[in-house]
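**Student:** Provided below for reference: sequence and predicted model.
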Amino acid sequence: MPLKMGVATVTMNRPPVNSLNTEHLETLHRTFIRLENEKCRGMILTSSSPTVFSAGLDIREMYKPELEKARKFWRTLQDMWLKLYSSPYPTVAAINGHAPAGGCLLSLSCEYRVIVPKVRMGLNETQLGIVAPQWFQDCMRNAIGEREAEKALIAGRMFSSEEALKVGLVDEIAQNKEECIQKAEAFLASQANLPMLARKTVKLGFRHQTLSRLLTGREADTKIFIDYIFQPKVQKGLEMYLQSLSKKAA
Ligand SMILES: CCCCC/C=C\C/C=C\CC/C=C/CC(=O)SCCNC(=O)CCNC(=O)[C@H](O)C(C)(C)COP(=O)(O)OP(=O)(O)OC[C@H]1O[C@@H](n2cnc3c(N)ncnc32)[C@H](O)[C@@H]1OP(=O)(O)O
């Protein structure tokens with residue numbers, strides 16, 4: 001996590017696809033706490049993979065899990081997201097590869113998004129027979145508005161880079177990762193002279209409702225997740241999806 005002029009670049013590096021397991025989520029959570037403690041001036045979130053930003057939640061954490069491990073997994077995801085979404089420093093996602101589901105959530109939790117061409121992002125959960133939790137949905141709604149979010153979430157739509165720009169899911173398209181980082185740095189530079197306290201107060205004002213909804217219902221949210229994924233038909237769906245992903249690799 002290099003810090004240049006108080007700006008940190010956090011590069012996810014969990015090959016092959018930066019899927020988010022408990023350990024990876026804990027690392028991200030610790031990183032966001034550290035950045036806050038170190039009074040970081042801005043953060044760029046990106047990936048070391050040339051093709052994938054993040055494949056979202058690690059499906060193996062949800063397939064035939066032990067109950068306590070599944071609970072810990074979900075609580076760690078909530079912790080990580082609460083820290084990122086409420087960060088006092090400005091945040092940018094440099095989306096240098098595909099960003100389905102939880103990968104899309106990570107980018108939606110940042111304040112500004114730059115994407116490279118020819119990749120896809122979106123909350124595709126419906127297509128997998130699972131449901132994007134309320135706070136995932138809220139993040140999408142906050143970015144693109146009620147009507148577009150409803151259509152996208154019902155269909156589990158994956159947007160191309162160009163479609164994402166058109167609907168407002170991202171702010172800019174860059175030609176490659178290098179330009180993506182340059183544009184992310186330019187956004188952070190544009191924020192640098194704003195009074196930090198005023199800036200973060202306005203940001204939290206906009207995000208307060210979405211954050212409170214999860215904060216006041218964390219246990220209920222965890223129970224919904226557990227009850228949902230332990231259903232036999234959901235487990236069957238996850239098994240088939242995992243098989244289809246590995247068949248593709250074979
Ligand atoms: C309002 C009321 C709400 C009620 C809510 C109720 C319940 C909530 C319950 C559940 C919600 C759970 C939320 C989940 C959100 C998620 O994030 S689910 C994850 C969704 N992710 C995906 O669908 C992405 C799947 N992956 C891909 O599409 C592709 O891998 C890729 C990212 C486009 C990359 O393609 P590429 O060709 O480069 O790689 P491969 O496909 O060959 O994959 C390589 C390797 O990695 C494995 N893998 C890929 N993705 C995942 C993953 N997400 N988890 C685990 N493993 C993954 C893949 O299997 C390959 O493995 P190998 O065969 O062993 O090499």
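**Tutor:** Received the coordinates, thanks.

**Student:** Give the burial count for residue 11, as a bare number.
**Tutor:** Neighbours of residue 11 under the rule other CB atoms under 10 Å: 16. Every C-beta, even on glycine, is put in place using the N, C-alpha and C of the backbone.

**Student:** In a helix, it, correct?
**Tutor:** No - residue state for residue 11 (DSSP: H, G, I helix; E, B strand; the rest coil) corresponds to strand; a helix is not indicated.

**Student:** looking at it, it is touching residue 49, isn't it?
**Tutor:** No - the criterion here is CB atoms under 8 Å, and residue 11 misses it with residue 49 at 9.6 Å.

**Student:** tell me the secondary structure for the residue nearest the centre of the chain?
**Tutor:** Nearest to the geometric centre of the chain sits residue 106, at 1.3 Å (CA atoms, centre = their mean). Classification of residue 106 by three-state DSSP places it in helix.

**Student:** I'd guessed it sits against residue 99; true?
**Tutor:** Yes - counting by CB under 8 Å, residue 106 does reach residue 99; the two are 7.3 Å apart.

**Student:** hey, what's in contact with both of these two?
**Tutor:** Residues touching both residue 106 and residue 99 (CB atoms under 8 Å, 6 or more residues apart in numbering) are 53, 54, 93.

**Student:** State the three-state secondary structure for the last one.
**Tutor:** Secondary structure assignment for residue 93 (three-state DSSP): strand.

**Student:** One more: residue 17?
**Tutor:** coil.

**Student:** Spatially nearest residue to it (excluding sequence neighbours)?
**Tutor:** With sequence-adjacent residues excluded and distances taken as CB to CB, 6 or more residues apart in numbering, residue 17 is closest to residue 55, at 3.8 Å.

**Student:** Ok, residue 49 next?
**Tutor:** Nearest to residue 49 is residue 97, by CB to CB, 6+ apart, at 5.5 Å.

**Student:** contacting residues around the one you found?
**Tutor:** So residue 97 contacts 47, 49, 50, 51, 52, 53, 116, 119 (CB under 8 Å, 6+ apart).

**Student:** Could you check the pLDDT of it?
**Tutor:** On pLDDT, residue 97 comes in at 98.

**Student:** Compute the distance between it and residue 122, please.
**Tutor:** Distance of residue 97 to residue 122, computed by CB to CB, to the nearest Å: 14 Å.

**Student:** if I look at the closest residue to residue 120 other than its chain neighbours, how far off is residue 195?
**Tutor:** Excluding its sequence neighbours, the residue lying closest to residue 120 (CB to CB, 6+ apart) is residue 158, at 4.3 Å. Distance from residue 158 to residue 195, counting by CB to CB: 39 Å.

**Student:** Tell me how many other residues crowd the residue nearest to residue 120.
**Tutor:** 20.

**Student:** Can you name the residues that contact it?
**Tutor:** Residue 158 makes contact with 100, 120, 121, 122, 124, according to CB under 8 Å, 6+ apart.
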